[in-house]
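S.K.: compute the structure for the input listed below.
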Amino acid sequence: MKLIKYLGALVVAALLLFVFVVNFSSVESHFQCSGKISSEAGSYPTTIYMKLAEYRWWVGLWGDSDGALWIEIPNKVVEYYGHVVEVGDQLQIFNSPKELKGNFSTLSKTLAISTPVGFFDGTCTKNER
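M.R.: Alright, predicted model coming up:
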């Protein structure tokens, strides 16, 4: 009977730990970025929206990414960048662990990134949700 009680307590503790890890392993921030997109067809001003998920330190125990990033160019494209590496005050953004697509400065809030419609360069402001 004691063994069942201990196993039950162990299962409950494992479930609580799992819920904690799932719910608190990242912090999301939302940004509105104004700048310009440059491509072979020329350049034009645009506003894009960015969601940044920064992983907590314990995610590094099973993964090598410090976060993930999504950008939306309204009425054109939504793009996911699944590998973000923190280097000082910069976040290096990769499409895969080896293909660098751009960077985001956490200090100046500037974003420079290659998108499916061209290269975006601009300044971001944090949206409070």
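S.K.: next secondary structure element downstream of the helix or strand of the chain with the lowest mean pLDDT?
M.R.: The helix or strand of the chain with the lowest confidence, counting by mean pLDDT, DSSP states H and E, is helix 2-24 at a mean of 58. Using DSSP states H and E, the helix or strand that follows helix 2-24 in sequence is strand 26-39.
S.K.: packing partners for that following strand?
M.R.: strand 42-55, strand 67-73, strand 110-115, strand 118-127 (3 or more C-beta pairs under 8 Å, 6 or more residues apart in numbering; DSSP states H and E). (C-beta placed from N, C-alpha, C; glycine too.)
S.K.: how far does the last one sit from its chain's centre?
M.R.: Just to be clear, that refers to strand 118-127. Centroid displacement of strand 118-127 relative to its chain, using C-alpha atoms, centre = their mean, to the nearest Å, is 14 Å.
S.K.: re the thing from before, got CSV for the helices and strands packed on strand 26-39, with mean neighbour count too?
M.R.: Output for the helices and strands packed on strand 26-39, formatted as CSV (neighbours: other C-beta atoms under 10 Å):
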stretch, mean neighbour count
strand 42-55, 16
strand 67-73, 20
strand 110-115, 19
strand 118-127, 16
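S.K.: can you redo those strands as CSV with mean pLDDT?
M.R.: Below are the helices and strands packed on strand 26-39 laid out as CSV (pLDDT from 0 to 100):
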stretch, mean pLDDT
strand 42-55, 92
strand 67-73, 93
strand 110-115, 96
strand 118-127, 96
